[in-house]
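Visitor: Quick check, what structure comes out for this input:
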Amino acid sequence: MNNSDALDAMEWFPHRILSGEDHYALLILNQPINEEIELFVKRNWTSSPLHIAVDGGANQLKKLSDNVLEKCYIPEIICGDFDSATSEVLDFFKGKGTKVVHTPDQDETDFTKALRVTKEYVIENALQVSSILAIVRNGDRVDHMIGNLNTLFLARDIVSVPVFILGYNSLTWLLSPGHHKIHISQDMLDSHVGLIPLGKECEDVSTTGLQWNLDHSKMKFGGLISTCNKFDGSEIVTVTTDTTLIWTMEVKLTE
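Guide: So this is what the prediction gives:
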C-alpha cells in the first residue's frame, strides 16, 4: 500500500498480503487452523518480521508445530487474558524464548489488546512493519466476527499501519474517507466482494471496476449495502467514499 501523489489515492495490493511480499506483523488468533490456513502460515511465516499468538492462538501454533517435524513455529510473543491458552502450551513456548504478556483487561478483546502489544514491540525493536495481518475466526461465531470488525475501527487510534483480517476465505480491511485504488490480480477476478458501511451512514460513495458499481450512492444498514458484488474484469477497482467502509473480498489461500 502507498499513496499516489497524482490522485491522492490510497493504493491497496491484496495479492501482496497473500503472497507474503508485504512485511506484516502476523497475529494468530484462536481458531482451528484448517488446511488452507496451515498452508498459508507455513508459506508466509519466514517473510513476517513479527509473529504474535493471541491467547488460544498459541494452542493452535503448538498443534501446527507438533505436526511439522522439521520446524517449530515459535512466536516472539503470546498475549491475552489466557482464558484459552493452556499452561502446558505457555510453558512450552516460554522454554523456546517466547515472551508471554498477560493482558487481563476485559473492556477490550484480546485482538484489540494484541494491537497495543504489537505497537510496543515494533517500536522497542525498531522493526520495519508495513501492516498487520490477523488470522481470525470467521463463519461460525457472529459475535467473534462483529468483535473483529470493531477492532478494525479501534485500530485506527492504536497503530499507524493498516490492519487486515484474514478468515478462511476472505480478506477484510477498512477504507477511510477519500479515494482508493485496489489492485486486483488475475487470479482474484472471479471473487466475490463486499463494500459495507458499519456504524455510520454513508452519504456519497462511487466505485468503478465492479459488476454493480455505485454512483454517488447512499448506503446504510436497513437500506442499501453492497454485498455479493463481483469484479467486472478490470484489474483496478476505485472507491471514493465520504465515510469509512468495510472492504471484504473472497480469496483463495491454496494457490
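
Visitor: so where's the protein shaky on pLDDT?
Guide: 1-7, 67-71, 137-140, 254-255 (pLDDT under 70).

Visitor: how about the helices in it?
Guide: 14-19, 35-44, 57-66, 87-95, 110-124, 142-155 (DSSP state H).

Visitor: Show me what counts as buried in stretch 121-129.
Guide: Across stretch 121-129, burial judged by 16 or more other C-beta atoms under 10 Å covers 121, 122, 129. For glycine as for every other residue, the C-beta is placed from the backbone atoms N, C-alpha and C.

Visitor: same deal with stretch 33-44?
Guide: 33, 37, 38, 40, 41, 44.

Visitor: Then stretch 43-59?
Guide: 44-45, 48-59.

Visitor: so where do the strands sit in the stretch 101-250 of the chain?
Guide: 131-135, 163-166, 170-175, 178-183, 192-197, 202-208, 217-219, 226-230, 236-241, 245-250 (DSSP state E, counting those that start in this stretch).

Visitor: what's stretch 113-129 in contact with?
Guide: 23-25, 27, 29, 49-50, 52, 54, 76-77, 79-80, 101, 103, 105, 132, 134, 151, 154-155, 158-159, 161, 163 (C-beta atoms under 8 Å, 6 or more residues apart in numbering).

Visitor: Leaving out chain neighbours, which residue sits closest to residue 44?
Guide: Nearest residue to residue 44, sequence neighbours excluded (C-beta to C-beta, 6 or more residues apart in numbering): residue 20, at 3.7 Å.

Visitor: separation between the one you found and residue 48?
Guide: 7 Å (C-beta to C-beta, to the nearest Å).

Visitor: How about residue 72?
Guide: 15 Å.

Visitor: what do you get for residue 229?
Guide: 30 Å.

Visitor: follow-up on the earlier one: in strands only, show me the buried residues of stretch 43-59.
Guide: Of these, the ones assigned to strands by DSSP state E are 50, 51, 52, 53, 54.

Visitor: From those, pick the one nearest residue 208.
Guide: residue 50 (35.7 Å; C-beta to C-beta).

Visitor: Show me what that closest one is bridged to.
Guide: Beta bridges link residue 50 to residue 25, judged by DSSP bridges.

Visitor: one step back: could you dump the ones in strands among the buried residues of stretch 43-59 into TSV with distance to residue 234 added?
Guide: TSV is the format used below for those (distance: C-beta to C-beta, whole Å):
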residue	distance to residue 234
50	34
51	35
52	36
53	38
54	36
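
Visitor: Hmm, residue 34 is touching residue 168, no?
Guide: Yes - under the criterion of C-beta atoms under 8 Å, residue 34 makes contact with residue 168 at 6.3 Å.

Visitor: what about residue 20, neighbour count?
Guide: As a burial measure, residue 20 scores 17 neighbours (other C-beta atoms under 10 Å).

Visitor: Tell me which residues touch it, please.
Guide: Residue 20 sits in contact with 43, 44, 47, 48, where contact means C-beta under 8 Å, 6+ apart.

Visitor: Could you verify my assumption that the last one touches residue 27?
Guide: No - with contacts counted by C-beta under 8 Å, residue 48 stays clear of residue 27, the gap being 9.8 Å.

Visitor: Need the residues touching each of the two.
Guide: residue 133.

Visitor: Could you check how many residues crowd around residue 212?
Guide: 11.

Visitor: Could you list which residues are in contact with the nearest residue to it once chain neighbours are set aside?
Guide: Spatial nearest neighbour of residue 212, excluding adjacent residues (C-beta to C-beta, 6+ apart): residue 229 at 5.4 Å. Counting by C-beta under 8 Å, 6+ apart, residue 229 touches 192, 193, 194, 195, 210, 211, 212.
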